[in-house]
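Novice: Sequence first, predicted coordinates after that:
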Amino acid sequence: MFSFENVKYKNIIDIENLNIEKNKITCIVGESGSGKTTLLKFFNKLISPDSGEIKYMDKSMKEVDSVELRREVVMLPQSPAIYEGNVKENLLIGIKFSEKEEIPEDEELEKILKEVSLAKNLYEDAEKMSGGEQQRLALGRIILLDPKVYLLDEPSSALDEETEHLVIEKMVEHVRKTNKTLVMVTHTKRIAEEFADNIIEVKKGKITSQGGIDNE
Amino acid sequence: MNSIIELSIMQVAAAYIFSLVVLIIVKVRGISREKEIIISTIRMTLQLIFTGYVLVYIFENMNPWITVLVILAMEVFAIHNIYKRTKGELSKKMKTIIAGSMAAGTLVSLIFFLFIVIQISPWYNPRYFIPIAGMLIGNSMTGISLGVDRLVDGMNSKKHMVESSLMLGATPKMASKSIVDNAFDSAILPTINSMVGMGIVFLPGMMTGQILSGTSPVTAIEYQIAIMMGILGSVSLTVILFVQLGYRTFFNKEDQLTLNGKK
């Protein structure tokens, strides 16, 4: 689905070769400062490499419209922005941004909250929620967008271990059920080993290992 | 009521007592501002004397070219002043947008105001053209300076929010909408606030001047109302042009946030 060839970016990233398969779950692991987040930002063209080529569905990223791409390949940053307003408005902001015509009913929104284990009312003030709750809200926001590819940057960094496991498990389940692609940055190797089809290890901007995991 | 008291040199000189009082206060209290007070007093005096004689010359030798030249000089000075006033270095593109918005916004308002509202004749009559241009350009300059600061600050401090919105599939325009709106709002707020207090809290300078020179207060307020509308229009037009074009300099053609508005 994505392929990288001789991609260089500042002094941060130097990748000779990388492939991300469709309908698979890929985890990017590595120490902090190794370039994991930067790497993730290439997938939705939030940044472009200084040299080399990245392809999305066999099409050069240079020819792909950035905004169109970001509506198919949605990213959840490590500390997602919470917008002024209540839970419902925060869930729907992605729908508004991506100019989707169909606006989901409250019922569907409540289902999503359940999916990300967030026991909140749709009309509660989102800015008053805790960091962990906000992160789950933001996760719900992108599930609602139903993208082809999910990019998650440490989706559980503000959660306790138990909730973290639960949320990621549900996310992975959702991705598998709906036949989507997931690329997730995580610092917890345990999580990567448990859920990933493919683990990419990054060290100082270079890929030190990439390979499939036999989950069965 | 129809004749103004002409001030003699001695009378004007007596007014400098106020400046002296301030000088004594800062000296006694040990506030080191003497230099600035002296310089600003001298600068104001020299600049006004110079402008007074230039205006006398221009009014006596009415010429369309001179009027146009003066307006151009005012624009250039105002634009330069905006560059100087904003914190940090502005990118070249941002500077071009500031200059373009200033010129377009103020000139459109000025032309509408002079030829449709006041209907001056001849069209280049400097007695109307120059002071009114001064008010429109001056107020727009203040407005756009505020707008630039707010836009640059907003883009930098809310970088995270803008980027998060891009990640959700927002266009740069959607992602920066709240910052752009906020910049526009802060830029026109002083003008709106001054309208609220006008006539009760203070008498505006132009109106005071007209009344002192013997014009009926009724005529003076007619002019004041008209000019306030003109100023509001000019400030809004200039600032909306600026913010609508300016936010784009923070993104590249790949719709990526580059924060290049400020280098």
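Specialist: Noted; the coordinates are in hand.
Novice: could you say what helices and strands the helix or strand of chain B with the lowest mean pLDDT packs with?
Specialist: Here the helix or strand of chain B ranked lowest by mean pLDDT, DSSP states H and E is helix B:205-212, holding a mean of 89. Other helices and strands packing on helix B:205-212, by 3 or more CB pairs under 8 Å, 6 or more residues apart in numbering or on different chains; DSSP states H and E, are helix B:217-246. (C-beta placed from N, C-alpha, C; glycine too.)
Novice: Return the set of buried residues in the helix it packs on.
Specialist: For helix B:217-246, burial by neighbour count (16 or more other CB atoms under 10 Å in any protein chain shown) applies to B:220-221, B:223-224, B:227-228, B:230-243, B:245-246.
Novice: and if you look at stretch B:64-80?
Specialist: Within stretch B:64-80, the residues that count as buried by 16+ other CB under 10 Å are B:66, B:67, B:70, B:71, B:74, B:75, B:78, B:79.
Novice: Over to stretch A:20-27?
Specialist: Residues of stretch A:20-27 classed as buried: A:20, A:24, A:25, A:26, A:27 (neighbour count, 16+ other CB under 10 Å).
Novice: Please name the residues that touch the third one.
Specialist: The reference is to residue A:25. A:172, A:175, A:176, A:181, A:182, A:184, A:195, A:196, A:197, A:198 (CB atoms under 8 Å, 6 or more residues apart in numbering or on different chains).
Novice: Now whichever strand or helix holds the first one - C-alpha only, CSV.
Specialist: Residue A:172 is part of helix A:161-177, with elements assigned from DSSP states H and E. In CSV, the C-alpha atoms belonging to helix A:161-177 read as follows (Å, rounded to 0.1, in the frame of the first residue of the first chain):
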residue,chain,number,x,y,z
GLU,A,161,-1.8,-0.1,31.2
GLU,A,162,-5.2,-1.8,31.5
THR,A,163,-7.1,0.8,29.5
GLU,A,164,-4.3,0.9,27.0
HIS,A,165,-4.5,-2.7,26.3
LEU,A,166,-8.3,-2.6,26.1
VAL,A,167,-8.4,0.4,23.7
ILE,A,168,-5.7,-1.0,21.4
GLU,A,169,-7.4,-4.4,21.4
LYS,A,170,-10.6,-2.9,20.4
MET,A,171,-8.9,-0.7,17.8
VAL,A,172,-7.2,-3.7,16.3
GLU,A,173,-10.4,-5.7,16.3
HIS,A,174,-12.2,-2.8,14.5
VAL,A,175,-9.4,-2.6,11.9
ARG,A,176,-9.5,-6.3,11.2
LYS,A,177,-13.3,-6.5,11.1
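Novice: Distance from the chain centre to that helix, please.
Specialist: Centroid separation between helix A:161-177 and its chain, computed with CA atoms, centre = their mean, to the nearest Å, is 13 Å.
Novice: now the closest residue in space to residue B:232 that isn't next to it in sequence: how far from chain A?
Specialist: Using CB to CB, 6 or more residues apart in numbering or on different chains and skipping residues adjacent in sequence, the residue nearest residue B:232 is residue B:191, 5.5 Å away. Separation of residue B:191 from chain A (CB to the nearest CB, to the nearest Å) stands at 26 Å.
Novice: can you give me the end-to-end distance of stretch A:124-131?
Specialist: End-to-end distance for stretch A:124-131: 15 Å, by CA to CA, to the nearest Å.
Novice: about what we covered before: restricted to strands, list the buried residues of stretch B:64-80.
Specialist: Assignment to strands by DSSP state E places none of these there.
Novice: For those, work out which two are farthest apart.
Specialist: Taking CB to CB, the two most distant members of the buried residues of stretch B:64-80 are B:66 and B:79; they sit 20.6 Å apart.
Novice: Surely residue A:26 is within a strand?
Specialist: Yes: according to DSSP: H, G, I helix; E, B strand; the rest coil, residue A:26 belongs to a strand.
Novice: which stretches of chain A have low pLDDT?
Specialist: For chain A, applying pLDDT under 70 flags the ranges A:156-158, A:212-216.
Novice: Near chain B, which residues of it? Just list them.
Specialist: Neighbours of chain B within chain A, by CB under 8 Å from any CB of the partner chain: A:44-48, A:66-67, A:70-71, A:74-77, A:79-81, A:83, A:93-94, A:96-99, A:141-142, A:145, A:151.
Novice: Quick check: ChimeraX command selecting the buried ones in those residues.
Specialist: Buried subset of the residues of chain A next to chain B, written as a ChimeraX selection, criterion 16+ other CB under 10 Å:
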select /A:44,45,46,47,48,66,67,70,71,74,75,76,77,80,81,83,93,94,96,97,98,141,142,145,151
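Novice: Just the ones of the residues of chain A next to chain B in helices?
Specialist: Judged by DSSP state H, those include A:66, A:67, A:70, A:71, A:93, A:94, A:96, A:97, A:141, A:142, A:145 as members of helices.
Novice: Please produce TSV containing these, extended by distance to residue A:36.
Specialist: Listed next are these as TSV, based on distance: CB to CB, whole Å:
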residue	distance to residue A:36
A:66	21
A:67	24
A:70	19
A:71	24
A:93	26
A:94	23
A:96	29
A:97	25
A:141	22
A:142	19
A:145	23
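Novice: That'll do, ta.
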